[in-house]
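A.B. asks: pasting a predicted model and its sequence here:
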Amino acid sequence: MALEAVRAVDEVGTEPPPEVLLVELGESTVDVEVLFWTDARQIEMRRTMSHAIEAVKAAFDDHGIEMPCRLIALQATSSFEASLRGRVVTPGDAVANSSQPAANERNGA
């Protein structure tokens with residue numbers, strides 16, 4: 001798909017032909033590198049790179065291939081849970097005595 005998309009970009013050279021290399025298998029990604037030749041002037045290289053990226057992204061979209069989002073894992077501690085329940089948590093993550101009002105109750109919120 002990526003190779004076909006890049007070949008369709010007018011500014012991409014045909015000799016040597018474009019290539020797609022598998023460079024890494026991530027946890028939720030297959031990383032590829034797309035190689036191609038174009039005009040040697042820097043502005044033309046940048047424009048061609050932009051057009052090639054747009055073409056590959058459009059081809060992936062057309063085939064239902066989504067770009068993975070970055071995953072962030074959170075570990076819920078007892079102080080985090082207490083804070084969600086409206087209890088006061090001190091700066092050292094200690095849960096204050098339950099008789100103390102939560103910060104939003106003290107501030108009239």
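C.D. replies: That came through, no problem.

A.B. asks: centre-most residue in the protein?
C.D. replies: Nearest to the geometric centre of the chain sits Cys69, at 4.2 Å (Cα atoms, centre = their mean).

A.B. asks: OK, contacts around it?
C.D. replies: By Cβ atoms under 8 Å, 6 or more residues apart in numbering, no residues touch Cys69. Using the backbone N, CA and C atoms, a C-beta is placed for each residue, glycine as well.

A.B. asks: that one and Val34: what is the separation?
C.D. replies: 22 Å (Cβ to Cβ, to the nearest Å).

A.B. asks: tell me which helix or strand in this protein has the weakest average pLDDT.
C.D. replies: For the chain, scoring each helix and strand by mean pLDDT, DSSP states H and E identifies helix 103-106 as the least confident one, at a mean of 52.

A.B. asks: please, which helix or strand holds the residue nearest to the centre of the chain?
C.D. replies: Assessed by DSSP states H and E, Cys69 sits outside every helix and strand.
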